[in-house]
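Engineer: Got a predicted structure plus its sequence, pasted below:
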Amino acid sequence: MASPEGQTIHRVLLVDDDDALLEVMRALLELNGFEVVAVGGVTEALKRIATESFQVLITDLHMPNAGDGFTVISAMRHSHPSALTMLLSGYPDVKRAVEAIILEADEIVVKPVEFKQLAELVRERLLIQKPATRPNKESVSAILHRCSDLVVKNWLARAKQAPELNHLELKDEERTGHLPKLIADLVGRLNRPIMGSPQDSDATYSTTAVLHGELRYAQGYTPEMLVHESRILQVTLFETLKNNMNALDFSLLLPDVMTIADEVDAQLTQTMGSYMKLTKTPKKPTKAAAA
């Protein structure tokens, strides 16, 4: 975008939960020729990033509710990879810590900051900003799909070590049961568009979960064992994501984590339902008993 005089006008997304500070920064940046969209939280910032175009992001690091400045920066990197990203923090040590651990932001500014200097810093960085070559990021579903065999392997290792489960003598394929298909169903759920609020369960009827309950009943599992193996699955899934942090796209991490928890719980509910139905089914009398 350019002004009538031919000067380029850069769009800035400004994110901070401090309303007074947000208004001061917005007014100062606009006074210096920037077009500013100011929002007070992560959720609104993510909506703007998904639907609008920006050349600059300035975000506070610490904000209440779900997400923080890293979440916003990661989303901007995903949607607008060439945008200048600046992270604001009130902690003096954050500049060194972030630069050493997470090199996502182009600039880390420690609060309090002179607002006039902030505008000048943005101009200077825009002048020297070059398109960065950044590694391709993967979604949660892509990582779990790629690592599905490893998830099963690690789950099996944990199950064999758990005294709550390992007293049953089962072959490996008997112990894993329908786990590979349950993981595939989870990946499919993650790939579906999000409908409604994150609190609304999008889980559907799972034939696999029902069959898994029937299998566990036949193998002699107890309800407590079903719950325990489901907990092991969640731990294994989250450990897999932790081990792939460098490849992980953080823009949808929080809703995806909520989806994982919801789907695993939904699968457990249906597994438990089919299991308990069998416990209430009267066993057929043997011929000897009938006689």
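Structural biologist: Nice, thanks for sending it over. Residues are numbered from 1 along each chain as shown.
Engineer: Flag every buried residue along stretch 239-257.
Structural biologist: Neighbour counts using 16 or more other CB atoms under 10 Å place 240-241, 244, 248-256 of stretch 239-257 among the buried residues. (C-beta placed from N, C-alpha, C; glycine too.)
Engineer: Show residues contacting that stretch.
Structural biologist: For stretch 239-257, contacts defined as CB atoms under 8 Å, 6 or more residues apart in numbering pick out 46, 66-67, 70-71, 74-75, 77-79, 135-141, 143-144, 147, 150-151, 154, 190, 194, 198, 238.
Engineer: Now, of these, which are buried?
Structural biologist: Buried subset of the contacts of stretch 239-257 (neighbour count, 16+ other CB under 10 Å): 46, 67, 70-71, 74-75, 77-79, 137-141, 143-144, 147, 151, 154, 190.
Engineer: how is the chain carved up into domains?
Structural biologist: Recorded structural domains for the chain (assignment: automatic domain parsing) are 11-128, 140-279.
Engineer: The buried residues of stretch 239-257: which two are farthest apart?
Structural biologist: T240 and S251 (18.6 Å; CB to CB).
Engineer: how about the helix or strand where L46 lies: buried residues?
Structural biologist: Secondary structure from DSSP states H and E places L46 in helix 42-51. Neighbour-count burial for helix 42-51, with 16+ other CB under 10 Å as criterion, is recorded at 42, 45-46, 48-49.
Engineer: And M63, how close does it get to V42?
Structural biologist: Distance, M63 to V42, by CB to CB, to the nearest Å: 6 Å.
Engineer: list residues touching both of those two?
Structural biologist: Common neighbours of M63 and V42 (CB under 8 Å, 6+ apart) are V15.
Engineer: any idea of the mean pLDDT in stretch 10-25?
Structural biologist: On average, the pLDDT along stretch 10-25 is 89.
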